[in-house]
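Engineer: everything below, folded, please.
(2 chains)
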2 protein chains.
Amino acid sequence: MLKRIQTQTAHNVLCYPVAATIFPTLFPRAQFDRAWGLQSVYNELYCILAADERWIYDTIKDLFPVDTFAVALWEIHQRVKETGGYAQDISAGIFRSDYMLQGDGVEMGSDKSTDPGSELGLKQVEFNTISCAGGCHANKVVDMHRHLARTGAYSSLVSENLVNLSAVPRNTNIDSLATSLAEAHKIYGPPKSKTAETAVLFIVQPDNFNVADERPIEYALWDKNVPAYRLEWGTDVLQYTSLSDTKQLLFHPPWRASQKPMEISVVYWRAGHEPHEYDETGKELRLRLEQSRAIKCPSLLAHILTFKKVQQALTVPGVLEKFLAPEKVAAIRETFVPMYPLDDSEAGQHARSLAMDPELAEDYILKPSLEGGGHNIFGADLPGFLSSVPQSSWSAYVLMERIPSPLVGNVLKSPQGIESSAVISELGVFGACLWRQTDHGCEILQNATAGWSLKTKYTDIDEMSVVKGYGCFDTPLLC
Amino acid sequence: MLKRIQTQTAHNVLCYPVAATIFPTLFPRAQFDRAWGLQSVYNELYCILAADERWIYDTIKDLFPVDTFAVALWEIHQRVKETGGYAQDISAGIFRSDYMLQGDGVEMGSDKSTDPGSELGLKQVEFNTISCAGGCHANKVVDMHRHLARTGAYSSLVSENLVNLSAVPRNTNIDSLATSLAEAHKIYGPPKSKTAETAVLFIVQPDNFNVADERPIEYALWDKNVPAYRLEWGTDVLQYTSLSDTKQLLFHPPWRASQKPMEISVVYWRAGHEPHEYDETGKELRLRLEQSRAIKCPSLLAHILTFKKVQQALTVPGVLEKFLAPEKVAAIRETFVPMYPLDDSEAGQHARSLAMDPELAEDYILKPSLEGGGHNIFGADLPGFLSSVPQSSWSAYVLMERIPSPLVGNVLKSPQGIESSAVISELGVFGACLWRQTDHGCEILQNATAGWSLKTKYTDIDEMSVVKGYGCFDTPLLC
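Structural biologist: Reported below is the predicted structural model:
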């Protein structure tokens, strides 16, 4: 369910079903298992990177002249260091690595291809480190597909595979994401201040029509006896939180002003990932929470790793080798597609020539180094777009080769309508980590693969954002 | 959630939250426990009555000239008997007994009254034997109140009682109603025909905006490995079901026409309780399903027991004694309020004089002998209404003394608004039964108390129907 925008009052709100495919979409089991298996390597990599301030600085410093969001976040980091440093050496992460299948012209499910997975590659679209959404919707839509499958609703319409529920994997995102936050809560330990209880605090966006993707995690935490509260990004955070002398993050719920505050164990960011949020209030609240002893999910440096610039930097030969063992390097490098900076370097010059060539540009996507997606420029639009932007700011973008995906058929159902079409899917795998920053780098305390989401869109739509109306939540029909 | 009427398409529907109280409503624990305890006695009574065709006939025969619904149902009963009789001697029931507190002027929660329960009575409003609704909504709204209570949202606003979750009872209607249907499914046993599996069949009303009160039971059945399907009351039932030579009810799902049909173990009526449903198609489908070996929840004779005429007949001195042991008679008779027929009998003459007196009528409600409520006439409206109706049809009604309820305060939230007010609550207790018709009467196979619902409305509103916009689902704050 999504809330219909501008229908909410104190006593009512209109809702509608989130877009979903009618059928599960064919997806090779080998690639699904592979993406699942890779997550622990990606988790390890990003934990190590998050503990490497120097590398992060070197990677993003060129963005500072052209990307105010990078500047805002880095300044908060500097301010924390100037005001006594980080009070909490443990960080949490709920990550999501997104993949598409690579294999142009492969027609999955056709008689010719008995093992379609073997011809296909698995390529990473992006790696998200903050506010990773869709977990709850995915859980519910998979429940729906599995229900339809067990009732036999598909049995006369599609491949016999569907009758076999083992081809339609379970999804337990809600429970596992809550479990990962509960682990962070547990590792925080008993309250250090004189308050009676600790609690997890969700920082959420105001007026969020997508609250149904957050609330189930909160309820699941309570069901695990972990208190969880929420504050909207903005003045509420400044008003209802404070730092104790020893930097405990105290939460003063407005509805129990007369009682002792709670001590926040974990700050779970479901806001703060968009540049517009960093006005003075936004900067101040982020600073306060980062200064605190609460475990942040994610910490500021881990947040910065979500920048596309970081993803591109990891594709540079020799970089991965600094952080991972050779077999792990090989495994994840196989998921990379060519990415280029758009700066003055040699690689950047090459990328510029690709992006400005109307024909060559067809195979590329221009991505700003922002979290959240939705600001990408595709193929033929590149030369025109770049011409409209001062060359001095081109380095705020990275150029990524498009992933030519195999065609599959499905029927997509959204508030806009219901239509049968060729479709393309994107598989996201959720990772859940806990790590400790040490003098020598990073000690990983937890490295879990927590869940997955599958999103599917019409092939002729470039964007993938279900809640914005592009694409549907989906379930793989493992083949 | 309720569906907004006329917004449904193949691909979308708008929904809105079902009306709920902001706070749980004060309710004496003693009376809550009493209503719970009484259910097994009511279950027993109604099982015995359902097996007593003669008593039912004697009780409702006077309705035949004035109530076409009673005629329609009785004719179906006769037709079943004429065509070989009932093929299934086991019946199921999901009943709901509704109560109000009696105690005019008692102000619950006031300092004067330390044990308000002791001053109050518990009086039965009605007993429902078919399509008993509200179970799922009640479950969800209680979950909400318990969530708000555990988060401390109430702690600074109301009595400390609320901080104590034990004062806000759990509600597991969805699971327990599904369990009761699963028990009926189990007792039906393996398929008797050459089909591979048995299943429960929900018969539901078309275009039901209240489907959220049915679907969770269906999903819970599947989770218990009991297949459950649904057909809409109407031609679909005739088209997709058939009787085998030995009266097994076969279900031919349209989506697997080429496969063997399923054998229906249990027919769960969530339709067929309204007179307008009995057109030729409605009569024909009811007849077919009643003729079948499927266990009906409820069977036709148990359905007829939902008539207000039956409720009134049970208040006649000496009647209960025919069916129950003396201590059970006393326990449930204490929940009766005076009820009268409106016929030519001595009691009826007395009732007519009460109902036609503008002053005396204030204390009475006129109820047609229909299921579902919503057609009652209240107090001062009685003389005018009766004058508008031919006297020959008065016997289709019963006259019931109004139950003067104690005043409690709460805040009601509905799509119409949010308002603080004096309120009145109605407690429903769900019973789940299985019984066998024997040559000598009734053998009770299962007698369970399955759940409860609390509904609360403004004191100045007469009707109680949450889904129609009168009143809210609620949770008792046991005191």
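Engineer: just checking, what packs against the longest strand along chain A?
Structural biologist: Under DSSP state E, the strand in chain A containing the largest number of residues is strand A:417-438. Helices and strands touching strand A:417-438, by 3 or more CB pairs under 8 Å, 6 or more residues apart in numbering or on different chains; DSSP states H and E, are strand A:25-27, helix A:29-50, strand A:90-102, helix A:173-188, strand A:408-414, strand A:441-458. For every residue, glycine as well, the C-beta is placed using N, CA and C.
Engineer: for chain B, find the nearest of the ones you listed.
Structural biologist: strand A:408-414 (4.9 Å; CB to the nearest CB).
Engineer: now the helices and strands packed on strand A:417-438 in a markdown table, with mean neighbour count and distance to chain B?
Structural biologist: Formatted as a markdown table, these follow (neighbours: other CB atoms under 10 Å in any protein chain shown; distance: least, CB to the nearest CB, whole Å):
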| stretch | mean neighbour count | distance to chain B |
| --- | --- | --- |
| strand A:25-27 | 25 | 18 |
| helix A:29-50 | 20 | 25 |
| strand A:90-102 | 24 | 22 |
| helix A:173-188 | 22 | 14 |
| strand A:408-414 | 20 | 5 |
| strand A:441-458 | 21 | 14 |
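Engineer: would you convert these into JSON lines that also reports mean pLDDT?
Structural biologist: Output for these, formatted as JSON lines (pLDDT from 0 to 100):
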{"stretch": "strand A:25-27", "mean pLDDT": "94"}
{"stretch": "helix A:29-50", "mean pLDDT": "98"}
{"stretch": "strand A:90-102", "mean pLDDT": "97"}
{"stretch": "helix A:173-188", "mean pLDDT": "98"}
{"stretch": "strand A:408-414", "mean pLDDT": "92"}
{"stretch": "strand A:441-458", "mean pLDDT": "96"}
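Engineer: B:Ile403: which of those is closest?
Structural biologist: Closest to B:Ile403 of the helices and strands packed on strand A:417-438 is helix A:173-188 (CB to CB; 43.4 Å).
Engineer: ok and the closest one relative to strand A:90-102, angle-wise?
Structural biologist: Orientation of helix A:173-188 against strand A:90-102 (axes from the mean of the first three to the mean of the last three CA atoms, to 10 degrees) gives an angle of 150 degrees.
Engineer: hey, where'd the helices end up in the stretch 201-350 of chain A?
Structural biologist: Along the stretch 201-350 of chain A, counting by DSSP state H, counting those that start in this stretch, helices occupy A:215-223, A:235-240, A:280-291, A:300-304, A:308-314, A:326-333, A:346-356.
Engineer: can you pull the residues of chain A lying near chain B?
Structural biologist: By CB under 8 Å from any CB of the partner chain, the residues of chain A that approach chain B are A:1, A:4, A:10-17, A:147, A:150-157, A:219, A:222, A:227, A:229, A:253, A:255-259, A:413-418.
Engineer: and those residues, which of them are in strands?
Structural biologist: Counting by DSSP E, those contribute A:15-16, A:229, A:413-414, A:417-418 to strands.
Engineer: quick one: buried ones out of those?
Structural biologist: Buried residues within those, counting neighbours by 16 or more other CB atoms under 10 Å in any protein chain shown: A:15-16, A:229, A:413-414.
Engineer: residues in contact with the residue in the stretch 301-450 of chain A that chain B sits nearest to?
Structural biologist: Residue nearest to chain B within the stretch 301-450 of chain A: A:Ile418 (4.1 Å; CB to the nearest CB). If you count contacts by CB atoms under 8 Å, 6 or more residues apart in numbering or on different chains, A:Ile418 has them with A:22, A:411-412, B:10-11.
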